[in-house]
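Novice: here's a sequence, model it:
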Amino acid sequence: MSLKDPFSVLGVDVNAGDDEIKRRYLALVRAFPPDREPELFQAYRAAFDALCDERKRLEAKLLHPD
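Specialist: Okay, the predicted model is just below:
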């Protein structure tokens with residue numbers, strides 16, 4: 001799973017708000033816990049971190065394939 005598009009990693013829309021991003025991240029972590037799926041957890045965590053930072057989120061929006 002690539003972090004090139006954190007929106008698709010988490011499965012959220014480019015215009016998703018903070019609450020939606022957080023809900024989706026928590027749902028994915030519950031479905032794929034770090035003790036069972038460490039690679040997926042790392043990918044989800046990296047995507048969540050990227051989308052929580054406003055500067056990184058803006059960069060991801062600019063690079064997002066339409």
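
Novice: quick one: contacts of the helix or strand of the chain with the lowest mean pLDDT?
Specialist: Taking mean pLDDT, DSSP states H and E as the measure, the chain has helix 54-63 as its least confident helix or strand, at a mean of 90. Here helix 54-63 makes contact (C-beta atoms under 8 Å, 6 or more residues apart in numbering) with 4-7, 14, 49-51. Where C-beta positions appear, they are placed from N, C-alpha and C, glycine not excepted.

Novice: could you measure from the residue nearest to the spatial centre of the chain over to residue 13?
Specialist: The C-alpha lying nearest the average C-alpha coordinate of the chain belongs to residue 47 (C-alpha atoms, centre = their mean; 3.3 Å). Going from residue 47 to residue 13 by C-beta to C-beta, to the nearest Å gives 14 Å.

Novice: now the common contact residues for these two.
Specialist: With C-beta under 8 Å, 6+ apart, residue 47 and residue 13 have common neighbours residue 7.

Novice: so where do the strands sit in this structure?
Specialist: Here the chain has no strands by DSSP state E.

Novice: okay, now the unreliable bits of it?
Specialist: For the chain, residues meeting the criterion pLDDT under 70 lie at 1-3, 66.

Novice: ok, now which ones touch residue 21?
Specialist: Neighbouring residues of residue 21 by C-beta under 8 Å, 6+ apart: 10, 12, 48, 51-52.
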